[in-house]
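> prediction below, plus the sequence it came from.
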Amino acid sequence: MGALSIHLDSVKESPRRFHLVSETGWWEEAREVLPEPEVVLCTPFALNLSGYRLGARLLFRGEVSGAVELLCGRCAEPYTHEFREPLELLLEPALDRGDGSKPGIELDADDASLGRYAGDELDFEPVLRDILVLAWPMQPRCVEGCLGLCPVCGTNQNLAPCSCDASDRSRPLATLGRLLDQSKRNRG
Ligand SMILES: [Zn+2]
Ligand SMILES: [Zn+2]
């Protein structure tokens, strides 16, 4: 069994904790589907779950964690991006269990908190991969409210404020605006 797998028999009627930590091999494969496959892994991704069964239904609740190094979209500095994503999953047995249904967990296409399982091994690999792709930041920020680079001189405003005109700084196209003003004046 893989590091991200739970044996079906270990899910009992009373809740139990499961701590699954991904291995290097998983990361090397999973990173291929991420928006930035070259990203550096800081903390391996892990699932911290509480799980129990209700008859043939399995319920899991917990958190996905891990960290990678990303570049801030404002100041372009590398920073450690921590993932803490909630996970809730209700699994029902696959309908055609035992006759050719693929062993493992298959998530509902419309609702990632629902899925089906087949076989004795619950492999959370596709679950973790899904969560990671969905949680990947579209606009990475080193800190909430990063001040970014000065559009005039390029100085990182988080480290040292520059002496550029504040009104220019707040307008990314300030230089262009000035040029237009000038050309207008020249014509008039
Ligand atoms: Zn930043
Ligand atoms: Zn500046």
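Cool, the structure landed. Ligands and ions are numbered 1, 2, ... in the order given.
> so which residues of the protein form helices?
Assigned by DSSP state H, the chain shows helices spanning 24-30, 125-135, 166-169, 174-187.
> by mean pLDDT, show me the worst of those helices.
Per-stretch mean pLDDT for the helices of the chain is lowest at helix 166-169 (a mean of 58).
> tell me the contacts of the closest residue to residue 14 other than its chain neighbours?
Take residue 14 and drop its neighbours on the chain: the residue closest to it by Cβ to Cβ, 6 or more residues apart in numbering is residue 52, 6.3 Å away. Backbone N, C-alpha and C define where each C-beta goes, glycine included. Shown in contact with residue 52 (Cβ atoms under 8 Å, 6 or more residues apart in numbering): 11-16, 58-59.
> run through this protein and note the low-pLDDT ranges.
Residues of the chain that meet the criterion pLDDT under 70 lie in 96-101, 166-188.
> how about the strands in it?
Using DSSP state E, the strands found in the chain span residues 5-7, 16-21, 40-54, 57-71, 78-93, 104-107, 114-118, 121-123.
> buried set for the third one?
By 16 or more other Cβ atoms under 10 Å, the buried positions in strand 40-54 come out as 41, 45-47, 49, 51, 53.
> how far off strand 57-71 does it point, in degrees?
Here strand 40-54 runs at an angle of 170 degrees relative to strand 57-71 (axes from the mean of the first three to the mean of the last three Cα atoms, to 10 degrees).
> within the sheet, what are the partner strands of strand 40-54, with directions?
Strand 40-54 has the following strand partners under DSSP bridges: strand 16-21 (antiparallel), strand 57-71 (antiparallel).
> what's the closest of those to ligand 2?
Between ligand 2 and these, the shortest gap by Cβ to the ion is with strand 57-71, which sits at 20.4 Å.
> buried residues in that closest one?
By neighbour count on 16+ other Cβ under 10 Å, the buried set for strand 57-71 is 58-60, 62, 64-68, 70.
> out of those residues, which comes closest to ligand 1?
Nearest member of the buried residues of strand 57-71 to ligand 1, counting by Cβ to the ion, is residue 70, at 10.1 Å.
> thought the closest one was touching residue 140?
Yes - between residue 70 and residue 140 a contact is recorded at 4.3 Å, counting by Cβ atoms under 8 Å.
> any common contacting residues for those two?
Counting by Cβ under 8 Å, 6+ apart, the residues touching both residue 70 and residue 140 are 79, 81.
> residues of this structure that sit close to ligand 1?
By the rule Cβ under 5 Å from the ion, the part of the chain lying against ligand 1 is 72, 74-75, 142, 146.
> and which of those is nearest residue 163?
Nearest to residue 163 out of the residues of the chain next to ligand 1 is residue 75 (Cβ to Cβ; 18.2 Å).
> domain ranges for this protein?
5-135, 147-188 (automatic domain parsing).
> return the most buried member of those domains.
Of those, the one with the most neighbours on average (mean count of other Cβ atoms under 10 Å) is domain 5-135, at a mean of 15.
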